[in-house]
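*Asks:* Could you look at this predicted model? Sequence included:
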Amino acid sequence: MQLLKKSVIAHRGVHDQGTLENSLLAFERAMNSEADGLEIDVQLSNHRLVLKHDINEETTADLPTFSDFLTLVQQADYQGLLLIELKGPQGAQQLYQELMARQLSNTVMLQSFWEQPLREWRALDKQVAIGYLRHYPNRKCWQLAKENIIQQVNLDYRYLPLRIFIPWQIPTYWWTINRPTVTWLLMHLPVAGVITDNVVQAVKYKKRN
């Protein structure tokens, strides 16, 4: 699936001014911003898909679920990109099934640091966009792209020189872009998108480019 170029993605929603990241309010605020899409962290906990970044022993009983997030998207009639990260290797099929059951019209990309969910998603769906989360590119990126498991590699911006000085053809999303100089630079490079905590700044540089 072909995604928009230079997309501005709200990292875990808009979560400044006391709004918690990965909260429904953070995503509601992001929907009302000029971001092109939402980045969301999902993990399997006690057989429930919850919105949470860190994998630890903290209770998840009161956290919003992936189902709650999808309901928010539907109720708001939000049409932006949904960049959905699965934390950990478990829950890929459940996530896919819950997502498909909603029959959303949004463009979707599924992503993970783990290889297993990527392969599970591709076995379930030959068309859905899949991104491999990495700090820096490696041989596994090439292998997964060659096998048509992934279309994108989503990389840590601190390894940006590897993209500039060693060009390669796999589209890239970059995280987490907050520094003005890095935001400006990426908006002048052929990147697929930036994942940022500062949507206002990223949108400003995108409009100027």
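*Replies:* Cool, got the structure.
*Asks:* in the sheet, who's paired with the most centrally placed residue in the chain?
*Replies:* Per CA atoms, centre = their mean, the C-alpha nearest to the average position across the chain is that of residue 83, at 3.2 Å. Residue 83 has these beta-bridge partners by DSSP bridges: residue 39, residue 109.
*Asks:* what do you get for residue 43?
*Replies:* Here residue 43, judged by DSSP bridges, has bridge partners residue 50, residue 87.
*Asks:* Quick one: neighbours of it, just the number.
*Replies:* 22 (other CB atoms under 10 Å). Heads up, the C-betas are built off the backbone N, CA and C, glycines and all.
*Asks:* Mind listing residues that contact the host helix or strand of residue 144?
*Replies:* In this assignment (DSSP states H and E), residue 144 forms part of helix 139-146. Residues outside helix 139-146 that contact it (CB atoms under 8 Å, 6 or more residues apart in numbering): 115, 118, 132, 134, 150, 151, 153, 170.
*Asks:* got the buried residues for that helix?
*Replies:* Within helix 139-146, the residues scored as buried using 16 or more other CB atoms under 10 Å are 141, 144, 145.
*Asks:* Next: stretch 115-126.
*Replies:* Under the neighbour-count rule (16+ other CB under 10 Å), stretch 115-126 has 117, 118, 119, 120, 121, 122, 125 buried.
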